[in-house]
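Novice: Take this sequence and fold it.
(one chain, ligands or ions: 2)
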Amino acid sequence: MSGHAGWQSWRSFSSDSSVTKKKLAPGTLRRIVRFAAPYKRDLIVFLTLVVIDAVIGTLNPLIFREIINKGIIGKRVGLIEVLALFIAGLAILAAALSLVQRFFSARVGEGLIYDMRSKVYEQVQRMPIAFFTRTQTGALITRLNNDVLGAQQAFTGTLSNVVSNLISVTLVLITMFVLSWQITLVALLILPVFVLPARYMGRRLQTITRESYALNAEMNTTMTERFNVAGALLVKLFGRPGEEGRRFRDRAGRVRDIGITSAMYSRIFFVSLMLTASLATAVVYGWGGVLAARGALDVGTVVALTAYLNRLYGPLTALSNVQVDVMTSLVSFERVFEVLDLPPMITDRPDARPLPADARTIEFDDVHFSYPTAEEVSLASLESVAVLDPTPSQQVLHGVSFRAEPGQLVALVGPSGAGKTTISSLVPRLYDATAGAVRIGGYDVRDVTMDSLRDAIGVVTQDAHMFHETVRANLLYARPDATDAELWDALRGGQINELVASLPDGLDTMVGERGYRLSGGEKQRLAIARLLLKQPAIVILDEATAHLDSESEVAVQRALKQALDGRTSLVIAHRLSTIRDADLILVIDGGRVVESGRHEDLQAQDGLYAELYRTQFQRQETLETVAD
Ligand SMILES: Nc1ncnc2c1ncn2[C@@H]1O[C@H](COP(=O)(O)OP(=O)(O)OP(=O)(O)O)[C@@H](O)[C@H]1O
Ligand SMILES: [Mg+2]
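Specialist: Ligands and ions are numbered 1, 2, ... in the order given. Okay, the predicted model is just below:
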């Protein structure tokens, strides 16, 4: 029991005391209460058990006293037997209660974790794509995990400790004062001898703990960066395992050193706590023993007093630092709330209506756009900076206007960084235009529901991401109710059916991060199959920049023809040969449409398009001559 309290107080001494200076946002407490409301009954049972446990603990030394004074000294064997049995009974009761207590605390704690996790997950999913481009995934996940756990600690850890320690200390002190106020006073006087140095040492310990977290994080980052496929590939290709090993040893070495320091500090803490209790025991035995020998105090009381000492120092030390514990938990709660409060920048308007199924024209009307600033989409506490960079970002699109009629293929071409991907991401509302409007079938995309918008638009992105799941699951993501026959139809349309059929488990082969490795072209074709399954009215295609070999290029081309047939499509093409037949070609440069027209018109204009085409064509020819 006192060991537990000792550990608890050590933990609170090593946590960051600067949290107590932090001001909580108004209403935080009320929100915490609301979060805990569903667990009110469990919490009451739990706290009642904590109180009973503390009372039983305080009762024991009093029974020792009776056994010694009335039983042993009074030579009443019967009473000794009864009291011993009573102690045994209490011990069994305490053991049973502690199991029940743990059950309730686990139920409340894990329940809270569950509630907060699901809420946070849903909230993060609602965040605009800009949030994810700003936030490091690893940092976000770690932070949320830690904060959710920290907030949970507030209930099962801090709350029960505070309640149990308060009750224990109060009961123990009252009983001790009644037994002998002089000895109790001396025992209390010894306490500052321990608590004051402990406070001083606690500050040192905080610095060490913080440092060790940082060092550990650094070491983990090295590992996660080097041990994923891309990182491992770089290490292999640039082949400096010796230096990598040295750098890692250096980091691991610092973790080792700080581990030793921190172990020593925590041992010093425990040893001084134990030493204080032992010294006090010596005082109580010494002085109490003298008093007992003189007949001023009975033997049982001396024994009871020393037993109480063990239940006094741990809880008192923990209570002396209680505000740090409470604040640490509250701040965790607040950080979770901070994420829950992030306004999702892109949501349905209150009066949003579904996009009619026949809406198929795409229209850009003098669209200006700049990417949102960190301040608008992110949280300082997630980017490990004190203040988010408020400088407005550069404008990327400067008045883009064009129109794609139903069923037309509109191609976007232009140099890298011109703004092609940006234009395409405004249609499914990954971002909203800063000025001007994007309309589908005459409806401003901001006036229709996100769900209907997503149903109407199919996108194949530059990297054609697949989840680490089966081919089937990846395809069904587009249309959960599709039958196997429909899946194969889509695969045939994507020109990828033969490959899937030849895979060891066919549709049930795992693909994605750690599954079967699809080549760039194969992934694009699978993404096209996924799109075919969805049957959207509008298709956006960001052609992979990675070079496909000519065979898979032909396959992708054929797949595309099928995918785009009869649909309004926006195709970002890097290979100009693929869009020669486009109904409209928009040449984008520096965030503006600088030329537009059909292939022949643009060739005749002899502008940027003609130049791009010439350079590509020449390169193509040189490549072919080299190949010959
Ligand atoms: N998430 C972002 N935040 C801030 N700026 C961005 C972001 N994404 C792109 N940009 C900037 O916007 C400009 C246009 O980028 P975009 O991705 O639209 O180019 P692109 O024409 O698709 O190029 P590429 O042909 O290389 O794919 C670039 O200057 C780029 O640096
Ligand atoms: Mg791009």
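
Novice: So Ser416: helix, strand or coil?
Specialist: Classification of Ser416 using DSSP: H, G, I helix; E, B strand; the rest coil returns coil.

Novice: which phi and psi does it have?
Specialist: phi -60, psi 140 (degrees, to the nearest 10).

Novice: how close does it get to Val33?
Specialist: 54 Å (C-beta to C-beta, to the nearest Å). C-beta here means a position set from N, CA and C on the backbone, and glycine is covered the same way.

Novice: the more surrounded of the two?
Specialist: Val33 (10 against 7; other C-beta atoms under 10 Å).

Novice: For the residue positioned nearest the centre of the chain, what are phi and psi?
Specialist: Central residue of the chain (C-alpha atoms, centre = their mean): Ile141, 2.1 Å from the mean position. Main-chain torsions, Ile141, degrees, to the nearest 10: phi -70, psi -50.

Novice: Could you do Met223 as well?
Specialist: According to degrees, to the nearest 10, Met223 has phi -70, psi -50.

Novice: which residues does it contact?
Specialist: Phe248 (C-beta atoms under 8 Å, 6 or more residues apart in numbering).

Novice: For Arg31, grab the count of nearby residues.
Specialist: By other C-beta under 10 Å, 16 other residues sit near Arg31.

Novice: three-state assignment of Lys75?
Specialist: Under three-state DSSP, Lys75 falls in the coil class.

Novice: State the pLDDT value of it.
Specialist: pLDDT recorded at Lys75 is 90.

Novice: That one: neighbouring residues, count only.
Specialist: 9.

Novice: From Asn165, how far out is it?
Specialist: When distance is defined by C-beta to C-beta, Lys75 is 39 Å away from Asn165.

Novice: So what's the residue count around Leu29?
Specialist: As a burial measure, Leu29 scores 12 neighbours (other C-beta under 10 Å).

Novice: Secondary structure of it: a helix, I assume?
Specialist: Yes. Counting by three-state DSSP, one finds Leu29 located in a helix.

Novice: Not counting sequence-adjacent ones, nearest residue to it?
Specialist: Ranked by C-beta to C-beta, 6 or more residues apart in numbering and with sequence neighbours excluded, the top spatial neighbour of Leu29 is Leu330, at 7.7 Å.

Novice: Excluding chain neighbours, what is closest to Leu112?
Specialist: Gln152 (5.0 Å).

Novice: and stretch 121-137 with ligand 1, contact?
Specialist: Yes. Applying C-beta under 6 Å from any ligand atom, one finds that stretch 121-137 is in contact with ligand 1 at Thr133.

Novice: let's number from 30 now, not from 1
Specialist: Taking 30 as the first residue, the last one we looked at is stretch 150-166.

Novice: average pLDDT across stretch 228-242?
Specialist: For stretch 228-242, the mean confidence score works out to 79.

Novice: List the buried residues for it?
Specialist: Residues Met230, Gly231, Leu234, Gln235, Ile237, Thr238, Ser241 are the ones in stretch 228-242 that count as buried (16 or more other C-beta atoms under 10 Å).

Novice: Determine how far that stretch lies from the middle of the whole chain.
Specialist: 25 Å (C-alpha atoms, centre = their mean, to the nearest Å).

Novice: what's the answer for stretch 511-525, then?
Specialist: 36 Å.

Novice: May I have it exported as PDB, CA atoms only?
Specialist: C-alpha atoms of stretch 511-525 as PDB (Å, rounded to 0.1, in the frame of the first residue of the first chain):
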ATOM      1  CA  ALA A 511     -21.000  -4.700 -56.100                       C
ATOM      2  CA  THR A 512     -21.100  -8.400 -57.000                       C
ATOM      3  CA  ASP A 513     -18.100 -10.500 -58.100                       C
ATOM      4  CA  ALA A 514     -19.300 -10.400 -61.700                       C
ATOM      5  CA  GLU A 515     -19.300  -6.600 -61.600                       C
ATOM      6  CA  LEU A 516     -15.900  -6.600 -60.000                       C
ATOM      7  CA  TRP A 517     -14.500  -8.600 -62.900                       C
ATOM      8  CA  ASP A 518     -16.200  -6.400 -65.400                       C
ATOM      9  CA  ALA A 519     -14.600  -3.400 -63.800                       C
ATOM     10  CA  LEU A 520     -11.200  -5.100 -63.800                       C
ATOM     11  CA  ARG A 521     -11.600  -6.000 -67.500                       C
ATOM     12  CA  GLY A 522     -12.400  -2.300 -68.200                       C
ATOM     13  CA  GLY A 523      -9.300  -1.300 -66.300                       C
ATOM     14  CA  GLN A 524      -7.300  -3.800 -68.400                       C
ATOM     15  CA  ILE A 525      -6.000  -5.400 -65.200                       C
END
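
Novice: Which strand residues bridge the residue nearest to Ile608 when sequence neighbours are not counted?
Specialist: Closest residue to Ile608 apart from its sequence neighbours, by C-beta to C-beta, 6+ apart: Ala440 at 3.8 Å. As for beta bridges, Ala440 partners with Val600, Ile614 under DSSP bridges.
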